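*Asks:* return atomic coordinates for the entry below.
(chains A and B)
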There are 2 protein chains.
Amino acid sequence: MDEEKVENMEPKVPTIDPDKILGYIRKKDRKALLTIFEIVPSIDIAEAVENFEPADLLYIFRAVPSEITADFFDELSSDTKEALIKAMTDKELVAIIKEQYADDVADTVIELPANLASRVLKAADKEMRQSVNQLLQYSDGTAGALMTTEYLEFVDTTPVSDVINEIRTKGKDAETVYTIFVRNKKREFVGTAGLDDLIFAKPNETLEDIMNRDVVSCYTATDQEEVAKMFRRYDLNAMAVLNSDSRLVGVITVDDVIDVMVEEQQEDLARLTNMEPSDKPYMELSAWGNAKKCIPWLIALLILGTFTTMVLDRIEKSAIFTALPMLIAFVPTLMDTGGNAGAQTTGLMIRGLAVDDFEPKDVLKVLWKEFRSAVIIAGIVAAFAFLWITIEQYTGIVNDAENFKDINIWSGNCWNVDFFAHTMKNSALISITMGIAVLFSKCIGTLLPLGAAAIKKDPALLSQPMLTTIMDVATLCIFLLMAVIFFPQFA
Amino acid sequence: MDEEKVENMEPKVPTIDPDKILGYIRKKDRKALLTIFEIVPSIDIAEAVENFEPADLLYIFRAVPSEITADFFDELSSDTKEALIKAMTDKELVAIIKEQYADDVADTVIELPANLASRVLKAADKEMRQSVNQLLQYSDGTAGALMTTEYLEFVDTTPVSDVINEIRTKGKDAETVYTIFVRNKKREFVGTAGLDDLIFAKPNETLEDIMNRDVVSCYTATDQEEVAKMFRRYDLNAMAVLNSDSRLVGVITVDDVIDVMVEEQQEDLARLTNMEPSDKPYMELSAWGNAKKCIPWLIALLILGTFTTMVLDRIEKSAIFTALPMLIAFVPTLMDTGGNAGAQTTGLMIRGLAVDDFEPKDVLKVLWKEFRSAVIIAGIVAAFAFLWITIEQYTGIVNDAENFKDINIWSGNCWNVDFFAHTMKNSALISITMGIAVLFSKCIGTLLPLGAAAIKKDPALLSQPMLTTIMDVATLCIFLLMAVIFFPQFA
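*Replies:* Just a heads-up that it's a prediction; the model follows:
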């Protein structure tokens, strides 16, 4: 194999030219359109036609059979769907809805304005309408809202050969045929069988003989993040969703879970950067929509920053810092280092909780571990800071003009004991403050997210802004205290 | 259905008591151990026995057949695996390795010290050893390193009935039987067929008749993040990995992709909080290992912070800020707001790039969108800041002692025109600086990650620390400039 060559090969994905499709539509070339749908995945076609006029899009639905376009319809953006539904006749809408899965129809209905939503529900047949209405009742973010109601369920005494025959006839309507769900006579969910188990089975066996018992399952109210963790942990393809009577009411498939994982990840990232998460892709969000997600947090942080302003205003005018104004120049560095050290720990906690490395009840174990790390980190960072701040003073990057005007290595007059002693004291003061701030910040950074998780709140939600505020104020107080200890003559 | 009741129901997952297992081991109760392996998933058993002595663990492998323990072995932590392999006889090792998939053996070998790694390779049969050695050649983070070499491949002219028979006999050795891979006479990969397609097919059809052509596939060198995106976009269960001759050399399954997604997410979160990502779970990392991931970033940020210290030292001693020391108290708030606004945008960019909402080449479109948002955000935040800072001054939270000593609403002497004019000027100065900083920060926050992505670097890697440094210095410069404009008499 030619490694050099393979390095530069892009993965094989379909390429598609929107103008070509538009050409086919305008020429009413039905056959060419059908060929495209045969070889190009729906999502690629949906992206290519995103900016087409509704009238052009409508031709696609008239030219291509609805069992093929159902999936394509599903991949369109909510704005395009809305425009299309407005333009479609009732008959066309019925044809499309008929071919969809109930969970996808429910997702479409949620995004539509009320009048169009009711048109869609009217277009659905009775069974579909019931399923959709049922799905719409579950709150967003639960297993109920995520599940599909199209799945294959059999009684445990069914012979394997009957199951396979049934799959052959009814399988195309189910969202997955790779997992078969099994119930007992009392209609309780009792296990699953993989399609491969059916293939491997002997002809005279029943589901009871081959099914997996004691499989993991969840309830309609289970949080979707919990569902995603279970899929990951147990490498599932599909999972049963039960009601409170232990009856199967729906099924979650792995592709929906992958979308949940991305959604949850996007949410964590948004929280960490102090933004409201958005459920729309970036390009679909308006400038104002985007601004609305940012402004509340910036203003909240601004208000929290008042404490810092207040304390800094007092400290800065204190006798000791008036005598040593150079020290004020180190305030941002001290605050940043403390904040960064704490943010690292907060990030670790959010990640650890997300992948179940530990739980809120492990707080003491985790705190002890973070504390030991923090001692090492604080020691090394403070030692480095001592050196670095000494260099900053000797090179004149900062200048203690009140006490040693324009003394640095370039002026050649820095080799005196007083300057040396004063410089060392400054360096020690700042680096010790930094060390304590790091230590303190890592402990707060452990406790905030674990505390939030313990009371079932999103650990990423408030940890970061709280940490910044607490650390800014705490760092200033530690700095003042240290300054008084190091320079009592100015206090 | 009783919604109230279902709200409080925890998902059904197995519970297992480590002491019970240890009891069975000590009593050498082989039958009880077998029952546990029958009903509890391997990962739960692996976690329960994590702290057992190697001798106790070894009994499990002696008592339970290796086709059952192979999966369990795979779920153990690398430290436990190491201890076990040391304790096992060659024969026991051979039995375990024989039942494993080549990609899992490769993952184990990578983590082991050299002498144990070679023991494992020696225990593998010739075919397995070749597969493992081949897999070990691919660099970490590529499709090659992620794929398995155990899959089902057939020539396109094979009748469906032959394929099904073959699956019945050989299927158990493949990592997935849900997707069948098809090649032509020239040994080139030409398509896939789902197990369901086989079931739905008529008996006399061949793979050629039912397979999906033009399916997405990747090459051994394709980045694993790219692979994850393709799985998500096309809702795949398995994907073909080709060499440079378009021949199938491996297969990636969806469960491995889910692990990649979590890994990539953890990496992004680590980068955003200025840490080196870790490939070990939090609890397995030592205090020193943890510290090592934090220290380099803290020191790098400390060095970058030198610019801020230098500029602040100069500005603070300038005539204008000596005359108006109160303004210095707002420096952290100004820096924080600028930094936060930019971090929001950086976060948006990292997220958008991760889910392919846009690409680096869309930079102008994205920048224009962010700029319009930024104008709105800067306007509203500055307007709020104006109000808030006025309140801070009137209530004496900050005090312009040099110019208006102890004047605030509590002292009752604040109703004079001079104080009002000066207060308004301070508020305008700070809020305009803040508005400009937000605008500037959002633009830098767009350009840094998109620039990094354009040169194929991780957009999260340097964006955040660079942004903080640039914004701290920029904010100070804008602040000085504005102060000179607003208070020329002190300049």
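*Asks:* does chain B sit close to the longest helix along chain A?
*Replies:* Longest helix in chain A, counting residues (DSSP state H): helix A:417-454. Yes: Helix A:417-454 is in contact with chain B by C-beta under 8 Å from any C-beta of the partner chain, via A:V438. C-beta: built from backbone N, CA, C; applies to glycine.
*Asks:* in that helix, which residues are buried?
*Replies:* Going by neighbour count (16 or more other C-beta atoms under 10 Å in any protein chain shown), the buried part of helix A:417-454 is A:419, A:422-423, A:426-453.
*Asks:* what's the first helix or strand after the lowest-mean-pLDDT helix or strand in chain A?
*Replies:* Least confident helix or strand, chain A: helix A:3-7 with a mean of 64, by mean pLDDT, DSSP states H and E. Downstream of helix A:3-7, the next assigned helix or strand under DSSP states H and E is helix A:18-26.
*Asks:* any residue of the helix or strand just after that following helix touching chain B?
*Replies:* The helix or strand immediately downstream of helix A:18-26 is helix A:30-39, counting by DSSP H and E. Yes: counting by C-beta under 8 Å from any C-beta, chain B has neighbours in helix A:30-39: A:I39.
*Asks:* give the buried residues for helix A:30-39.
*Replies:* A:L33, A:I36, A:F37.
*Asks:* give the other helices and strands that it contacts.
*Replies:* helix A:18-26, helix A:54-63, helix A:66-75 (3 or more C-beta pairs under 8 Å, 6 or more residues apart in numbering or on different chains; DSSP states H and E).
*Asks:* A:I96 contacts A:V64, doesn't it?
*Replies:* No: using C-beta atoms under 8 Å, A:I96 is not in contact with A:V64; the gap is 10.9 Å.
*Asks:* the more surrounded of these two?
*Replies:* Using other C-beta atoms under 10 Å in any protein chain shown, the more surrounded residue of A:I96 and A:V64 is A:I96, with 23 against 18.
*Asks:* for the more buried one, phi and psi?
*Replies:* Per-residue torsions, A:I96: phi -70, psi -50 (degrees, to the nearest 10).
*Asks:* any idea how far A:D472 lies from chain B?
*Replies:* Relative to chain B, A:D472 is positioned 6 Å away (criterion: C-beta to the nearest C-beta, to the nearest Å).
*Asks:* and the helix or strand containing that residue, what's buried?
*Replies:* Per DSSP H and E: A:D472 is located in helix A:459-486. When neighbours are counted by 16+ other C-beta under 10 Å, the buried residues of helix A:459-486 are found to be A:459-476, A:478-480, A:482-483, A:486.
*Asks:* and that helix, what other elements does it pack with?
*Replies:* helix A:254-272, helix A:287-316, helix A:319-323, helix A:331-354, helix A:417-454, helix B:331-354.
*Asks:* which one of the ones you listed lies nearest to B:Y178?
*Replies:* helix A:254-272 (10.9 Å; C-beta to C-beta).
*Asks:* work out the gap between that closest one and the centre of the chain.
*Replies:* 4 Å (C-alpha atoms, centre = their mean, to the nearest Å).
*Asks:* likewise for stretch A:332-341?
*Replies:* 26 Å.
*Asks:* ditto for stretch A:53-64
*Replies:* 35 Å.
*Asks:* now do stretch A:472-480
*Replies:* 34 Å.
*Asks:* ok, stretch A:44-53 next?
*Replies:* That offset, for stretch A:44-53, works out to 27 Å (C-alpha atoms, centre = their mean).
*Asks:* same question for stretch A:346-366.
*Replies:* Put simply, stretch A:346-366 sits 17 Å off its chain's centre (C-alpha atoms, centre = their mean).
*Asks:* next one: stretch A:169-179
*Replies:* 31 Å.
*Asks:* find the nearest non-adjacent residue to A:S411, please.
*Replies:* Among residues not flanking A:S411 along the chain, A:G396 sits closest, at 7.9 Å (C-beta to C-beta, 6 or more residues apart in numbering or on different chains).
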